[in-house]
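Engineer: here is a sequence with its predicted model. Questions after.
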Amino acid sequence: MPTYDEVIQRVIPEVEFHQNRYARGLAASVRPGCRWLDVGAGTSLHAGWIGLKAKDLADRAELLVGCDLAEEHLLQNSLLDSATVADATRLPFCDDSFDLVTANMVLEHLEEPENVFSEVARVLAPGGHFVFVTPNLHSPVVWAASLLLSKTVRKRLSQLLEGRVEEHIFHTFYRANSRSAIRKLCERVALRVEEIDTFNSYPFMRRFWPLTTIEAFWINAISRGPFKAFTTNLFGVLAKVDRRA
């Protein structure tokens, strides 16, 4: 009986875990001496093992602030210089406070994404960047789950199939989870798209190797060419537009 890692190595060795892709993106975006806000900070900056380690990234910043709705998670995040319990639709920071805002697997949980994007734009300094990784709603797996399953059922399936701990599973809305949705949001706020990349991450199915294998072959089939638009994740970089100029 093959393990999860063995299925990946045999079927999709070239596929990049979404947290590794995010870590590489952060390495290119976290500038020395920057002021950095991590929205939905949770317990860590990223869970990747390729690219700069989270501590090395944190050490680059002059200031690293985390905000989250779960205070107990923020208390476990030792890399933050400061933390606040806050709703991203009402960030408790002054205009132009940060050079970088990040969101690691957060956009799918936004019930009011336009308000959040507007707040991100407000707290970013001109020329600052918003960097994120999130599921891609155009992935058939993500689309089917969002359309056919209730939020409660999706939460239970995350526990069963992915082996995730309940305290780290939150309701999903998928209202900012496609290239088109993100571009439309940027048209309404002071942000512009610099990069939106679609890519495949590892299989969702972790506990049952036959399902893992089936999903891995599907991932392999759509990882290139025109089918890449249907891959599982989005990595994006948005820039603050200075409308005062």
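Structural biologist: Received, thanks. Residues are numbered from 1 along each chain as shown.

Engineer: going forward, measure contacts between C-alpha atoms and count neighbours the same way
Structural biologist: Will do.

Engineer: all strands for this protein, in order.
Structural biologist: For the chain, the strands defined by DSSP state E occupy 35-39, 63-68, 82-85, 98-104, 124-135, 191-199, 233-240.

Engineer: against which helices or strands is the first one packed?
Structural biologist: Think strand 35-39. Helices and strands touching strand 35-39, as assessed by 3 or more Cα pairs under 8 Å, 6 or more residues apart in numbering; DSSP states H and E, comprise strand 63-68, strand 98-104.

Engineer: what about the first one, distance to the chain center?
Structural biologist: Averaging C-alpha positions (Cα atoms, centre = their mean, to the nearest Å) puts strand 63-68 16 Å from its chain's average.

Engineer: next one: stretch 228-236
Structural biologist: 11 Å.

Engineer: kindly reformat the helices and strands packed on strand 35-39 as TSV containing distance to residue 89 and mean pLDDT.
Structural biologist: Formatted as TSV, these follow (distance: least, Cα to Cα, whole Å; pLDDT from 0 to 100):
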stretch	distance to residue 89	mean pLDDT
strand 63-68	11	98
strand 98-104	14	98
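
Engineer: quick check: which of those is buried the most?
Structural biologist: strand 98-104 (a mean of 24; mean count of other Cα atoms under 10 Å).

Engineer: about what we covered before: the helices and strands packed on strand 35-39: which one's closest to residue 23?
Structural biologist: strand 98-104 (9.8 Å; Cα to Cα).

Engineer: contact partners of the closest one?
Structural biologist: 22, 29-30, 34-41, 45-46, 120, 123-125, 127-134 (Cα atoms under 8 Å, 6 or more residues apart in numbering).
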